[in-house]
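1. What follows is a predicted structure for the sequence shown.
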Amino acid sequence: MVKIAIVEDNDAAANKLLEYLQRYAAENGEQFTYARYGEANTFLEEKERTFDIVFMDIMLPGISGMEAATRLRKSNTQTILIFVTNMTNYAIKSYEVDALDYIVKPITYKRVVFKLRKALQIVSASEGKLLMIHDHPGPVQLSSNEIYYVEIRQHRLTYHTVRGEYTETGSLKGLREELTPYHFACCNACYLVNLKHIFRVKGFILTMTNGDELKISQPKRKEFMSDLANYLGQR
């Protein structure tokens, strides 16, 4: 369940945003929990609660949303920030506190959905996907976050993971379709790579965080480097 905070002092604006979030959840089968704060200090004092996504107004009583975001980032770099503001000059500065994006008031359902979908993709990817690997002598459950890369040889998939290697029969094409939303990409026809675990790219050689070196094929290079650039741009 995705946890969302709304930091907004204007009741009408907060209620409209909440209405749009609830509408999106109902239309798309999502489950959200919500908390609303009328000013930033109260939000920052919530030490026991963590949120996946925060919609924050910039012009708030007391400290501003920008100052609140700066303080938040000192201890929390994971929560996704989306500013909601009519101050476009401040909105540009939102990237200084690693905000995902901003929505200019007056908000519309279309604008909220566009930003929300981007945020939900990141939340989903950060949580990873649970996989059941049918390895011998018995099945093993893994999170996609644990996988460095997957290799295919003669219809056998080998998962190179933080826990070791696991092998099963399968299709790299099917696995790619399943894992692409979790930041996996093919560097050649034999390897499906977790972009989170790339240490270095030099020429056509890819070094993973476990030290393994993989070759990027010429036909796959353009698409793979584009996937990597898009992933790095979302971090």
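-> Looks like it arrived, so ask away.
2. for the record, mean pLDDT for stretch 197-205?
-> The average pLDDT for stretch 197-205 rounds to 94.
3. Just the endpoints, please. Distance across it?
-> Across its full length, stretch 197-205 reaches 14 Å between end residues, using Cα to Cα, to the nearest Å.
4. name the element the spatially most central residue of the chain belongs to?
-> Taking Cα atoms, centre = their mean as the criterion, residue 122 is the residue nearest the geometric centre of the chain, at 1.6 Å. Assigned by DSSP states H and E, residue 122 falls within helix 109-127.
5. got the CA positions of that helix in PDB?
-> Output for helix 109-127, consisting of C-alpha atoms alone and laid out as PDB, is shown next (Å, rounded to 0.1, in the frame of the first residue of the first chain):
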ATOM      1  CA  TYR A 109      -7.000  15.700 -12.700                       C
ATOM      2  CA  LYS A 110      -4.900  15.200 -15.800                       C
ATOM      3  CA  ARG A 111      -1.900  16.900 -14.400                       C
ATOM      4  CA  VAL A 112      -2.100  15.000 -11.100                       C
ATOM      5  CA  VAL A 113      -2.400  11.700 -12.800                       C
ATOM      6  CA  PHE A 114       0.600  12.400 -15.100                       C
ATOM      7  CA  LYS A 115       2.900  13.200 -12.100                       C
ATOM      8  CA  LEU A 116       1.400  10.500  -9.900                       C
ATOM      9  CA  ARG A 117       2.100   7.700 -12.400                       C
ATOM     10  CA  LYS A 118       5.800   8.700 -12.600                       C
ATOM     11  CA  ALA A 119       6.000   8.600  -8.900                       C
ATOM     12  CA  LEU A 120       4.300   5.200  -8.600                       C
ATOM     13  CA  GLN A 121       6.600   3.700 -11.200                       C
ATOM     14  CA  ILE A 122       9.600   4.700  -9.000                       C
ATOM     15  CA  VAL A 123       7.900   3.400  -5.800                       C
ATOM     16  CA  SER A 124       7.200   0.100  -7.500                       C
ATOM     17  CA  ALA A 125      10.700  -0.200  -8.800                       C
ATOM     18  CA  SER A 126      12.300   0.600  -5.400                       C
ATOM     19  CA  GLU A 127      10.200  -2.100  -3.700                       C
END
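6. if I've got this straight, residue 224 is in a strand?
-> No. Residue state for residue 224 (DSSP: H, G, I helix; E, B strand; the rest coil) corresponds to helix; a strand is not indicated.
7. Excluding sequence neighbours, find me the nearest residue to it.
-> Using Cβ to Cβ, 6 or more residues apart in numbering and skipping residues adjacent in sequence, the residue nearest residue 224 is residue 187, 5.0 Å away. Just so you know, the C-beta spots here come from the backbone N, C-alpha and C atoms, and that holds for glycine as well.
8. Much appreciated, bye for now.
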